[in-house]
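K.L.:
got a predicted structure plus its sequence, pasted below:
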Amino acid sequence: MNIVEIGQKVAQKRVSLGLSQERLAKLSDLSRSTIHHLEHGTLHEIGAAKLFKLLSLLDIRLKTEDEISKSHALEMASRSASVSYRTTISPQELENSLITGKIEPRTISHLATLIDELPLSLIVLVVKEISERHKVPPKKIWSHIYSWANQFKSPRLAWQ
(Lines give C-alpha, C1' and ligand atoms only; values in the text may rest on other atoms or scores of the structure.)
Protein backbone atom coordinates (compact mmCIF):
# COMPACT_ATOMS: atom_id res chain seq x y z
CA MET A 1 0.00 0.00 0.00
CA ASN A 2 1.41 3.41 -0.93
CA ILE A 3 0.68 6.86 0.51
CA VAL A 4 -1.98 7.60 -2.13
CA GLU A 5 -3.86 4.41 -1.25
CA ILE A 6 -3.52 5.20 2.45
CA GLY A 7 -4.95 8.65 1.82
CA GLN A 8 -7.93 7.14 0.01
CA LYS A 9 -8.56 4.77 2.94
CA VAL A 10 -8.33 7.68 5.38
CA ALA A 11 -10.89 9.66 3.34
CA GLN A 12 -13.27 6.69 3.10
CA LYS A 13 -13.02 5.97 6.81
CA ARG A 14 -13.39 9.65 7.78
CA VAL A 15 -16.54 10.02 5.69
CA SER A 16 -18.00 6.74 6.95
CA LEU A 17 -17.46 7.97 10.53
CA GLY A 18 -19.15 11.29 9.74
CA LEU A 19 -16.05 13.36 10.48
CA SER A 20 -15.04 16.53 8.69
CA GLN A 21 -11.41 17.05 7.74
CA GLU A 22 -11.27 19.79 10.39
CA ARG A 23 -12.60 17.50 13.14
CA LEU A 24 -10.25 14.64 12.14
CA ALA A 25 -7.35 17.08 12.15
CA LYS A 26 -8.17 18.13 15.72
CA LEU A 27 -8.61 14.55 16.87
CA SER A 28 -5.32 13.45 15.35
CA ASP A 29 -3.34 16.55 16.26
CA LEU A 30 -2.61 17.27 12.59
CA SER A 31 -3.51 20.27 10.46
CA ARG A 32 -6.57 20.24 8.22
CA SER A 33 -4.21 20.93 5.33
CA THR A 34 -2.25 17.75 6.11
CA ILE A 35 -5.47 15.71 6.14
CA HIS A 36 -6.58 17.33 2.87
CA HIS A 37 -3.26 16.66 1.11
CA LEU A 38 -3.09 13.10 2.42
CA GLU A 39 -6.59 12.33 1.17
CA HIS A 40 -5.90 13.88 -2.24
CA GLY A 41 -2.53 12.19 -2.77
CA THR A 42 -0.57 15.44 -2.73
CA LEU A 43 1.11 15.10 0.64
CA HIS A 44 4.86 15.29 0.25
CA GLU A 45 5.88 14.12 3.71
CA ILE A 46 4.35 12.84 6.93
CA GLY A 47 6.30 11.27 9.72
CA ALA A 48 5.69 7.65 10.58
CA ALA A 49 4.60 8.44 14.15
CA LYS A 50 2.01 10.95 12.92
CA LEU A 51 0.73 8.60 10.24
CA PHE A 52 0.46 5.63 12.62
CA LYS A 53 -1.36 7.77 15.18
CA LEU A 54 -3.89 8.83 12.51
CA LEU A 55 -4.36 5.28 11.25
CA SER A 56 -4.78 3.97 14.78
CA LEU A 57 -7.38 6.63 15.50
CA LEU A 58 -9.36 5.53 12.43
CA ASP A 59 -8.77 1.82 13.11
CA ILE A 60 -6.96 1.36 9.80
CA ARG A 61 -4.42 -1.43 9.83
CA LEU A 62 -1.41 -1.64 7.58
CA LYS A 63 -0.41 -5.11 6.55
CA THR A 64 3.20 -5.72 5.64
CA GLU A 65 3.91 -8.26 2.94
CA ASP A 66 5.89 -8.56 -0.24
CA GLU A 67 3.91 -6.83 -2.97
CA ILE A 68 5.48 -8.97 -5.63
CA SER A 69 5.99 -12.64 -5.12
CA LYS A 70 9.70 -13.34 -5.24
CA SER A 71 9.09 -16.06 -7.79
CA HIS A 72 7.57 -13.55 -10.23
CA ALA A 73 9.95 -10.59 -9.86
CA LEU A 74 12.28 -11.72 -12.65
CA GLU A 75 9.40 -12.25 -15.06
CA MET A 76 7.92 -8.88 -14.18
CA ALA A 77 11.29 -7.13 -14.60
CA SER A 78 11.94 -8.70 -18.02
CA ARG A 79 8.47 -7.64 -19.20
CA SER A 80 8.90 -4.11 -17.86
CA ALA A 81 12.37 -3.74 -19.36
CA SER A 82 10.97 -4.81 -22.75
CA VAL A 83 7.84 -2.71 -22.90
CA SER A 84 9.29 0.03 -25.13
CA TYR A 85 11.09 -2.25 -27.56
CA ARG A 86 10.15 -4.40 -30.52
CA THR A 87 12.26 -7.26 -29.18
CA THR A 88 12.09 -8.60 -25.66
CA ILE A 89 14.57 -9.78 -23.08
CA SER A 90 13.39 -13.08 -21.67
CA PRO A 91 13.51 -13.79 -17.94
CA GLN A 92 16.22 -16.37 -18.66
CA GLU A 93 18.33 -13.87 -20.63
CA LEU A 94 17.97 -11.28 -17.89
CA GLU A 95 18.83 -13.83 -15.24
CA ASN A 96 21.90 -15.01 -17.15
CA SER A 97 23.13 -11.44 -17.66
CA LEU A 98 22.69 -10.61 -13.98
CA ILE A 99 24.55 -13.75 -12.90
CA THR A 100 27.44 -13.50 -15.37
CA GLY A 101 27.63 -9.76 -15.92
CA LYS A 102 27.69 -10.38 -19.67
CA ILE A 103 25.44 -8.35 -21.92
CA GLU A 104 24.20 -9.52 -25.29
CA PRO A 105 24.36 -6.56 -27.72
CA ARG A 106 20.64 -6.82 -28.53
CA THR A 107 19.72 -6.47 -24.82
CA ILE A 108 21.75 -3.34 -24.00
CA SER A 109 18.72 -1.04 -24.22
CA HIS A 110 16.61 -3.42 -22.13
CA LEU A 111 19.23 -3.46 -19.38
CA ALA A 112 19.61 0.31 -19.54
CA THR A 113 15.84 0.60 -19.10
CA LEU A 114 15.98 -1.78 -16.14
CA ILE A 115 18.69 0.30 -14.49
CA ASP A 116 17.19 3.71 -15.23
CA GLU A 117 13.45 3.14 -14.97
CA LEU A 118 12.37 0.02 -13.10
CA PRO A 119 11.27 0.52 -9.50
CA LEU A 120 14.20 -0.09 -7.19
CA SER A 121 12.02 -2.36 -5.04
CA LEU A 122 11.52 -4.62 -8.08
CA ILE A 123 15.25 -4.71 -8.77
CA VAL A 124 15.88 -5.69 -5.15
CA LEU A 125 13.38 -8.56 -5.46
CA VAL A 126 15.01 -9.70 -8.73
CA VAL A 127 18.43 -9.81 -7.07
CA LYS A 128 16.97 -11.75 -4.15
CA GLU A 129 15.14 -14.21 -6.41
CA ILE A 130 18.20 -14.95 -8.55
CA SER A 131 20.53 -15.13 -5.58
CA GLU A 132 18.34 -17.64 -3.77
CA ARG A 133 17.59 -19.75 -6.84
CA HIS A 134 21.19 -20.08 -8.00
CA LYS A 135 23.07 -19.67 -4.71
CA VAL A 136 24.88 -16.64 -6.18
CA PRO A 137 25.98 -14.01 -3.66
CA PRO A 138 23.76 -10.94 -4.03
CA LYS A 139 26.91 -8.77 -3.92
CA LYS A 140 28.02 -10.31 -7.22
CA ILE A 141 24.72 -9.42 -8.90
CA TRP A 142 24.78 -5.91 -7.45
CA SER A 143 28.33 -5.43 -8.72
CA HIS A 144 27.11 -6.21 -12.25
CA ILE A 145 24.25 -3.75 -11.90
CA TYR A 146 26.56 -1.01 -10.61
CA SER A 147 29.03 -1.72 -13.38
CA TRP A 148 26.34 -1.47 -16.05
CA ALA A 149 24.96 1.72 -14.52
CA ASN A 150 28.43 3.22 -14.75
CA GLN A 151 28.93 1.88 -18.28
CA PHE A 152 25.55 3.26 -19.42
CA LYS A 153 26.16 6.55 -17.57
CA SER A 154 22.89 6.16 -15.72
CA PRO A 155 21.54 9.42 -14.30
CA ARG A 156 19.78 7.55 -11.48
CA LEU A 157 21.11 8.70 -8.12
CA ALA A 158 20.81 5.22 -6.61
CA TRP A 159 23.77 4.04 -8.70
CA GLN A 160 26.09 6.95 -7.97
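P.N.:
Thanks, I have the structure now. Quick caveat, the model's predicted, so the values are computed rather than measured.
K.L.:
where does the most centrally placed residue in the chain land on pLDDT?
P.N.:
Computing the C-alpha centroid of the chain and ranking residues by Cα atoms, centre = their mean puts Ser121 first, at 4.2 Å. On pLDDT, Ser121 comes in at 83.
K.L.:
which helix or strand contains it?
P.N.:
helix 120-134 (DSSP states H and E).
K.L.:
how far off centre is whatever helix or strand comes next after that helix?
P.N.:
Note on helix 120-134: by DSSP H and E, the next helix or strand toward the C-terminus is helix 138-151. The chain centre lies 19 Å from the centre of helix 138-151; the measure is Cα atoms, centre = their mean, to the nearest Å.
K.L.:
can you list the neighbours in contact with helix 138-151?
P.N.:
Identification of contacts with helix 138-151 by Cβ atoms under 8 Å, 6 or more residues apart in numbering yields 97-101, 103, 111-112, 115, 123, 127-128, 130-131, 154, 156, 159. Bear in mind the C-beta positions are built from the backbone N, C-alpha and C, glycine included.
K.L.:
so for it, what gets flagged as buried?
P.N.:
The neighbour-count check on helix 138-151 (16 or more other Cβ atoms under 10 Å) flags 141, 144-145, 148-149 as buried.
K.L.:
ok, stretch 92-107 next?
P.N.:
Counting neighbours by 16+ other Cβ under 10 Å, stretch 92-107 gives 93-95, 97-99, 103, 107 as buried.
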